[in-house]
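S.K.: Here is the input, now give the coordinates:
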Amino acid sequence: GIPFAMHAEYLKDQLAGIGGLKHEWLEPWTRERYRSLAADAVGLDTYFYSPAAHLSRLKIPLLAVFGGKDTRIDPEAGFAAYRQAVESGGNRRSQIWKFPEAGHVMSTGGIGEPAVPQYWASVKEFLAGYVPQPAPGKAKLVRHLKAGGQQIDLQLRFLDEESLSYEVNLTSVARQAFDHFGKMFDGPPLDAEGKPRKLITIDIRRGSLSGESHPDRVELTIGPEKVFGFLDWQNLLIHEILHLWNAETFRPADYREQWFNEGATEYVAFRTATKMGIHPPAQGPFNLVRAWGNYNSARGIGEISLREAGHEDRKKGHYFLVYHGGVTACTVLDYEIRRLTGNGKTFEDLLRYLYQNHNHTDRKYSALDLLKGLKLISGHDFSDFFRRHIHGKEIIPIGRYITRMEIEALRLGQDHKIPEPDRKILKGIFQR
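M.R.: This is a model prediction of the structure:
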């Protein structure tokens, strides 16, 4: 084991990276101090702490495993607490597992016995998402196809054997997404000079679900699990492909519009997955309702504005506020645009406006540019909405725009129960 003093110094270093927290229990340990403390049950208890606050602030990949037959701790309580803490912080790069047959040391017996097979499988899968993978030149398979109305040469590089099982489905989703967004924006992703990008690469590997967009490339780590229990790899791929327009073609001037950069991308990705038939019609309302719920239970809601939550030092800690607060705001903006224009205009018109008038170099967009675009599209000044809910800290009252009964009617296919003009507006929002 690590000597007590060394262990304390190690913990100090680790905690310094997440806020420089100071605790008495981190002072150097001595054997005498430990013995005296251990004799005092009340004193010993004060030297233990709940890791929930620290777990909710972690930005690095996390793997936590619990044994269902652990007799040293309560595995049910530990598993639930870890999951709640990690989900509250929005760490999408986390995996938390419970193996029913394992004990405290992950074996079915005691120390020295082999670990249960699921343990090593979970470690392998977790590491596969973060350990350097084969170079592009060593791809197991490279698939070339035309997409985006034949304007884009799309190159899919499957970097390991495991990712090959997704080839057919992934190729179909990627092609459909590029075709859809090419029509939506009436053009392909653009480079720094405003010229169409001719070649886009998607690198695919198997591991813990994650994605990242670059100016001419998307990285996708693919797997069967769902993030937060409802976001799948198809939704993630569509999200990252859309970022080739909304982020890599036109980009916010600074962190304060991350709510729009991520929220608009997530909102449109949800709806696009339904429109493309990847998700069944009933799942469209479900995904948006989950996002609204995540926003309403987000850490910092009512205490920090959507704009300030997007700061690079805060974004991960306020994941639901930035991403799903952005989804909620964009839902309301779409609803109002449709209402004000008699369904003649939609939220996609705002994205097209940004595509035509802004870029990612010298013409990045700001909140004022969003307001300008909204005014041109709808004829309405949204300054008060921005003042209260985007710049300000007031919680967006989504229920004033879309009711639970309307959502339920859409889910059950009973659209006729929704009066006009809301019926047409909501069918447009939910791609029905």
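S.K.: For residue 189, which non-adjacent residue is spatially closest?
M.R.: Nearest residue to residue 189, sequence neighbours excluded (CB to CB, 6 or more residues apart in numbering): residue 244, at 4.1 Å. Where C-beta positions appear, they are placed from N, C-alpha and C, glycine not excepted.
S.K.: mind checking how far that neighbour is from residue 320?
M.R.: From residue 244 across to residue 320, the span is 25 Å (CB to CB, to the nearest Å).
S.K.: where are the low-confidence patches of the stretch 101-250 of the chain?
M.R.: Residues of the stretch 101-250 of the chain that meet the criterion pLDDT under 70 lie in 111-112, 125, 128-137.
S.K.: re the thing from before, secondary structure element for the residue nearest to residue 189?
M.R.: Residue 244 is part of no helix or strand when elements are defined by DSSP states H and E.
S.K.: how about the CA coordinates for the helix or strand harbouring residue 308, as PDB?
M.R.: Following DSSP H and E, one finds residue 308 within helix 306-309. What follows is helix 306-309, C-alpha atoms only, in PDB (Å, rounded to 0.1, in the frame of the first residue of the first chain):
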ATOM      1  CA  LEU A 306     -27.000  30.300 -20.000                       C
ATOM      2  CA  ARG A 307     -24.400  32.600 -21.500                       C
ATOM      3  CA  GLU A 308     -22.100  32.500 -18.400                       C
ATOM      4  CA  ALA A 309     -22.500  28.800 -18.000                       C
END
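S.K.: Remind me what it packs against, helices and strands.
M.R.: Applying 3 or more CB pairs under 8 Å, 6 or more residues apart in numbering; DSSP states H and E, one finds that helix 306-309 contacts helix 258-275, helix 325-340.
S.K.: Mean confidence (pLDDT) on the very next helix or strand once past it, please.
M.R.: Per DSSP H and E, helix 306-309 leads on to helix 319 as the next helix or strand towards the C-terminus. Regarding helix 319, the rounded mean pLDDT is 91.
S.K.: Repeat that for stretch 402-417.
M.R.: Mean predicted confidence for stretch 402-417 is 86.
S.K.: what's the first-to-last distance across that stretch?
M.R.: Using CA to CA, to the nearest Å, the end-to-end distance of stretch 402-417 comes to 14 Å.
S.K.: Just the buried residues of it, please?
M.R.: 402, 406, 407, 409, 410, 411 (16 or more other CB atoms under 10 Å).
S.K.: Let's have the residues you listed in TSV, adding distance to residue 70 and secondary structure.
M.R.: Below are the buried residues of stretch 402-417 laid out as TSV (distance: CB to CB, whole Å; DSSP: H, G, I helix; E, B strand; the rest coil):
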residue	distance to residue 70	secondary structure
402	44	coil
406	46	helix
407	41	helix
409	46	helix
410	44	helix
411	40	helix
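S.K.: Out of the residues you listed, which is nearest to residue 324?
M.R.: For those, the residue nearest residue 324 by CB to CB is residue 402; the value is 15.0 Å.
S.K.: For that closest one, give its distance to residue 105.
M.R.: 50 Å.
S.K.: Now the residue nearest to residue 189. Its backbone dihedrals?
M.R.: Residue 244 has phi and psi values of phi -60, psi -20 when expressed as degrees, to the nearest 10.
S.K.: I'd like to know how far residue 164 sits from residue 140.
M.R.: Separation of residue 164 from residue 140 (CB to CB) stands at 6 Å.
S.K.: hey, what's in contact with both of those two?
M.R.: Here residue 164 and residue 140 have residue 158 as joint contacts, going by CB atoms under 8 Å, 6 or more residues apart in numbering.
S.K.: Counting by contacts, list what the helix or strand that contains residue 291 packs against.
M.R.: Using DSSP H and E, residue 291 sits in helix 283-296. Counting contacts by 3+ CB pairs under 8 Å, 6+ apart, helix 283-296 packs against helix 258-275, helix 325-340, helix 404-411.
S.K.: Turn the ones you listed into a markdown table, columns for distance to residue 88.
M.R.: Shown next, in a markdown table, are these (distance: least, CB to CB, whole Å):
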| stretch | distance to residue 88 |
| --- | --- |
| helix 258-275 | 18 |
| helix 325-340 | 14 |
| helix 404-411 | 24 |
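S.K.: Quick check: which of the ones you listed is nearest to residue 208?
M.R.: Of the helices and strands packed on helix 283-296, the one closest to residue 208 (CB to CB) turns out to be helix 258-275, at 19.2 Å.
S.K.: okay, now the residue nearest to residue 223 when sequence neighbours are not counted: neighbour count?
M.R.: Nearest non-adjacent residue to residue 223, counting by CB to CB, 6+ apart: residue 209, 5.0 Å away. Residue 209 is flanked by 21 other residues according to other CB atoms under 10 Å.
S.K.: dump the residue contacts of residue 209.
M.R.: Counted by CB under 8 Å, 6+ apart, residue 209 has contacts 92, 129, 221, 222, 223, 225, 226, 227, 231, 232, 233, 236.
S.K.: ok, now how distant is it from residue 408?
M.R.: Note on residue 209: its distance to residue 408, by CB to CB, is 30 Å.
S.K.: Pull the distance from the helix holding residue 291 to the chain's centre.
M.R.: Distance of helix 283-296 from the chain centroid (CA atoms, centre = their mean, to the nearest Å) equals 13 Å.
S.K.: how about that helix: buried residues?
M.R.: For helix 283-296, a neighbour-count test (16+ other CB under 10 Å) marks 283, 284, 285, 287, 288, 289, 290, 291, 292, 294, 295, 296 as buried.
S.K.: Provide a list of residues in contact with the closest residue to the fifth one other than its chain neighbours.
M.R.: If the residues on either side of it in the chain are set aside, residue 288 comes closest to residue 270, at 6.0 Å by CB to CB, 6+ apart. The neighbours of residue 270, taking CB under 8 Å, 6+ apart as the test, are 235, 284, 287, 288, 291, 327.
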